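**Student:** Fold the following for me, if possible:
(4 chains)
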There are 2 protein chains.
Amino acid sequence: MKTVYERADIVPLLAEIFRELGYEGATLSRITERTGIGKGSLYHFFPGGKEEMAGAVLADIDGWFEEAVYRPLRNDDARQAIAAMWLNVADYFRSGGRICLVGAFALDGTRERFSAAIGDYFIRWIEALRSALMRAECAEREAQTLAEEGVCGIQGALVLSRALKDEAVFTRSLETLAKRLEAATR
Amino acid sequence: MKTVYERADIVPLLAEIFRELGYEGATLSRITERTGIGKGSLYHFFPGGKEEMAGAVLADIDGWFEEAVYRPLRNDDARQAIAAMWLNVADYFRSGGRICLVGAFALDGTRERFSAAIGDYFIRWIEALRSALMRAECAEREAQTLAEEGVCGIQGALVLSRALKDEAVFTRSLETLAKRLEAATR
DNA sequence: GTCTATATGGAGATAGAC
DNA sequence: GTCTATCTCCATATAGAC
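**Tutor:** Predicted coordinates for the structure are as follows:
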């Protein structure tokens, strides 16, 4: 077991704990318990305490999406980037077994604390998808609607699959969404 | 100001507080503060404490949906019931200004505590909507897909409108969903 | 039924030895 | 950097007077 860490090692561990327990539910004792990292170390890396930890997690998530999803949507071949998005998203959310922390924070009392990061994440996702749809010869109005519908549907699918404890719902929903967007492009 | 209560008076107040602050964020002191009801009274009505309070809220929500949405979907004129659903839902969620507590609990660490009630709420919603769609001459497979897509889309729209603090996203998403279902029935 | 006072536990956070 | 010990505060919950 590793006993010397840096921030970058810890953030993904924190992410899983916040995802599973929520912001309030992720107490410091549970964090030390699950990671094996003592409070002393945690406060060494995150002097701002729990709020800084969650902020770092959100920044990390944002970075991943920017690189793996948004940038390709904005710059690469549009239809290919959209197809890659569905695959990456299904993978990232483990077919619905893993929730979207940003979405969960948005519904939570946590929202106010991180509202800038939360809003940004979704705005940029929708905008990047809209850009890809327009390059794929979607009409302007339809591109906006479909981009919102796509991001919206992913979030809903996560809620539903988690509520029903049924990953098939997630997979099915993503397939339906993918077909809708596919049908509107060429 | 009313000073004598019964359970039925308190439950809706609790509902708003849980919606706004989440299960963990809704502390007893904040509850007494916002409702003006002392801890003594709260424990008088809900001897099981906060968990019983949240359970009562979920049961109340479930009852409202059963009556206002699910039953009409199962029994009334299908197309009319579906149209009424969109209106009732937009109204109930205050055009996205109010979240779905059941969905929020599903994403939260709270899920395990109430998983039966949470699963039930969504299963019955989807099933009722599917039933209406089939009576409106939707093919069996398509009815299942569209029912899931509808419920899913509503939840996603709530996440998104809350994240972006923009109720227009909610309204727009519901319109898009309504059109999709409308197009598949007759 | 409602209030005030209080018990008890665990929360986030800090100090300082190593 | 990591640990243990400890601080303070507020959480849920209870007791008992009125």
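**Student:** which strands and helices sit next to the lengthiest helix in chain A?
**Tutor:** If you go by DSSP state H, chain A has its longest helix at helix A:140-164. Under the contact criterion of 3 or more C-beta pairs under 8 Å, 6 or more residues apart in numbering or on different chains; DSSP states H and E, helix A:140-164 touches helix A:101-107, helix A:115-135, helix A:167-183, helix B:101-107, helix B:115-135, helix B:140-164, helix B:167-183. Where C-beta positions appear, they are placed from N, C-alpha and C, glycine not excepted.
**Student:** Now do the contacts for the residue nearest to A:K165 when sequence neighbours are not counted.
**Tutor:** Nearest non-adjacent residue to A:K165, counting by C-beta to C-beta, 6 or more residues apart in numbering or on different chains: B:G119, 6.9 Å away. Contacts of B:G119 were listed using C-beta atoms under 8 Å, 6 or more residues apart in numbering or on different chains, and they are A:A163, A:L164, A:K165.
**Student:** wait, which of the residues you listed is closest to A:I154?
**Tutor:** Of all the contacts of B:G119, A:A163 has the smallest distance to A:I154: 15.0 Å, by C-beta to C-beta.
**Student:** what's near enough to touch that closest one?
**Tutor:** By C-beta under 8 Å, 6+ apart, the residues touching A:A163 are B:V102, B:G103, B:A106, B:R111, B:I118, B:G119, B:Y121, B:F122.
**Student:** do that again at 7 Å, thanks
**Tutor:** Applying C-beta atoms under 7 Å, 6 or more residues apart in numbering or on different chains to A:A163 gives the contacts B:G103, B:A106, B:I118, B:G119, B:F122.
**Student:** Just send those back as a markdown table, with pLDDT too.
**Tutor:** Shown next, in a markdown table, are those (pLDDT from 0 to 100):
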| residue | pLDDT |
| --- | --- |
| B:G103 | 98 |
| B:A106 | 98 |
| B:I118 | 98 |
| B:G119 | 98 |
| B:F122 | 98 |
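**Student:** Among these, which one sits closest to chain A?
**Tutor:** Chain A lies nearest to B:A106 out of the contacts of A:A163, by C-beta to the nearest C-beta, at 3.8 Å.
**Student:** what's the distance between the closest one and DNA strand C?
**Tutor:** B:A106 sits 22 Å away from DNA strand C, going by C-beta to the nearest atom of the strand, to the nearest Å.
**Student:** What's the local residue count around that residue?
**Tutor:** By other C-beta atoms under 10 Å in any protein chain shown, the residues close to B:A106 number 28.
**Student:** Skipping its backbone neighbours, what lies nearest the residue nearest the centre of chain A in space?
**Tutor:** For chain A, A:C100 is the residue whose C-alpha lies nearest the centre (C-alpha atoms, centre = their mean; 4.5 Å). The spatially closest residue to A:C100, leaving aside those adjacent along the chain, is A:L158, at 5.4 Å (C-beta to C-beta, 6+ apart).
**Student:** do A:G96 as well
**Tutor:** Distances taken as C-beta to C-beta, 6+ apart place A:F170 nearest to A:G96, at 2.8 Å, with adjacent residues excluded.
**Student:** Quick one: low-confidence residue ranges for chain A.
**Tutor:** Scanning chain A with the threshold set as pLDDT under 70 gives A:1-3.
**Student:** Show me which residues of chain A sit near DNA strand D.
**Tutor:** A:T3, A:V4, A:Y5, A:G36, A:I37, A:G38, A:K39, A:G40, A:S41, A:H44, A:F45 (C-beta under 7 Å from any atom of the strand).
**Student:** Residue numbers of chain A in contact with DNA strand C?
**Tutor:** Contact residues (C-beta under 7 Å from any atom of the strand) of chain A with DNA strand C: A:A26, A:T27, A:L28, A:S29, A:R30, A:K39, A:G40, A:Y43, A:P47, A:G49, A:K50, A:E51.
**Student:** out of the residues you listed, which are inside helices?
**Tutor:** Assigned to helices by DSSP H, the following of the residues of chain A next to DNA strand C qualify: A:L28, A:S29, A:R30, A:K39, A:G40, A:Y43, A:G49, A:K50, A:E51.
**Student:** Report the two of the residues you listed separated the most.
**Tutor:** Using C-beta to C-beta, these span at most 18.2 Å, a distance reached by A:G40 and A:E51.
**Student:** For the two, indicate the residue with more neighbours.
**Tutor:** Taking neighbours as other C-beta under 10 Å, A:G40 and A:E51 compare with A:E51 leading, 13 against 8.
**Student:** Next up, the contacts around that one.
**Tutor:** Contacts for A:E51 were tallied using C-beta under 7 Å, 6+ apart; they are A:R113.
**Student:** Also the one 5 residues further on?
**Tutor:** The neighbours of A:A56, taking C-beta under 7 Å, 6+ apart as the test, are A:R7, A:V11, A:F46.
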